[in-house]
Structures are given as C-alpha cells and as structure tokens.
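A.B. asks: The amino acid sequence is not available; the structure is as follows:
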C-alpha cells in the first residue's frame with residue numbers, strides 16, 4: 001500500500017505541542033498536496049463541529065439555569081445539597097464506620113479512666129482529711145480564728 005492509498009490512516013508520528021518546529025515543518029513537507037488538502041478539510045470540519053457543540057452546550061446550560069430558577073434552586077442550595085450528599089457518602093464508607101466505632105470505644109475507655117482517676121483522687125483526699133496530721137492542722141487553724 002503506497003502513501004497515497006493510506007490517506008489519514010498513516011502511522012507517521014504526529015508532532016506534539018512543544019516539539020521542535022523543524023520536525024513539524026519536515027513532517028508537513030512529506031505530505032502530498034492532496035493529503036494536505038484532505039487534512040485541511042478535516043481540520044475545518046472538526047473546528048466547525050466543535051463550534052456547533054459549544055453552541056449546543058451553551059444553550060443547554062442556559063436551559064438548565066432557567067429550570068433551576070423556576071424551581072427556586074440557587075447556588076447556595078446546590079452547595080448545601082452537595083455537602084449533605086458528600087457527607088452522606090463519607091459516613092457510608094466502611095473506613096468512616098470503623099473509625100467512628102474505634103473513637104466511640106476510645107471515648108468510653110477514656111471516660112472510664114477519668115472516672116477511675118476521679119475516684120482515686122476522692123479517696124486520697126478523704127484519707128488526707130481523716131489523717132491525724134490534717135486533723136491536728138484543722139484544730140490549730142480553728143483555734144487561731
């Protein structure tokens with residue numbers, strides 16, 4: 001199959017953005033006039049399609065905005081809905097559930113530990129209050145008043 005029959009199905013490397021200009025020029029020089037013309041027609045067609053799609057997209061976005069306006073949906077409401085949905089998605093994950101369960105257990109253990117420490121401190125303060133030294137100090141303090 002010669003170069004003319006291959007047309008657009010050639011496997012020659014296509015220059016990428018930032019490649020050497022000389023490489024691009026030499027690639028263009030290897031194309032026949034017919035191939036260059038075919039590529040120009042295809043380029044014009046693709047550019048026209050892009051333009052049409054951009055116009056269709058703009059019309060759809062305008063229609064979407066109009067529907068949202070009629071429904072009373074504004075940006076703040078959308079943001080709230082997105083955040084709520086995101087939070088719902090996060091809380092549904094197994095990682096969140098495991099973390100939540102672990103933190104709950106840690107909180108219960110910490111609460112029990114603080115309660116235990118509080119009980120120990122209370123007991124020690126009672127022991128100090130009932131000690132002979134404290135009673136002697138208490139008596140001396142009351143006498144001086």
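C.D. replies: Ah, there it is. All values derive from a computational prediction rather than experimental measurement.
A.B. asks: since we're on residue 105, how many residues are nearby?
C.D. replies: For residue 105, the neighbour count with other CB atoms under 10 Å is 10. Placement of C-beta: from N, CA and C, glycine included.
A.B. asks: in which helix or strand would I find it?
C.D. replies: Using DSSP states H and E, the element containing residue 105 is helix 94-129.
A.B. asks: outside of whichever helix or strand comes after that helix, which residues touch it?
C.D. replies: Next helix or strand after helix 94-129 toward the C-terminus (DSSP H and E): helix 132-144. With contact meaning CB atoms under 8 Å, 6 or more residues apart in numbering, helix 132-144 is reached by residue 128.
A.B. asks: Could you tell me the angle between helix 132-144 and helix 94-129?
C.D. replies: Going by axes from the mean of the first three to the mean of the last three CA atoms, to 10 degrees, helix 132-144 is angled at 60 degrees with respect to helix 94-129.
A.B. asks: For helix 132-144, the averaged confidence score.
C.D. replies: For helix 132-144, mean pLDDT is 79.
A.B. asks: Please compute how far stretch 120-133 lies from its chain's middle.
C.D. replies: 56 Å (CA atoms, centre = their mean, to the nearest Å).
A.B. asks: buried sites along that stretch?
C.D. replies: When burial is assessed from 16 or more other CB atoms under 10 Å, stretch 120-133 yields no buried residues.
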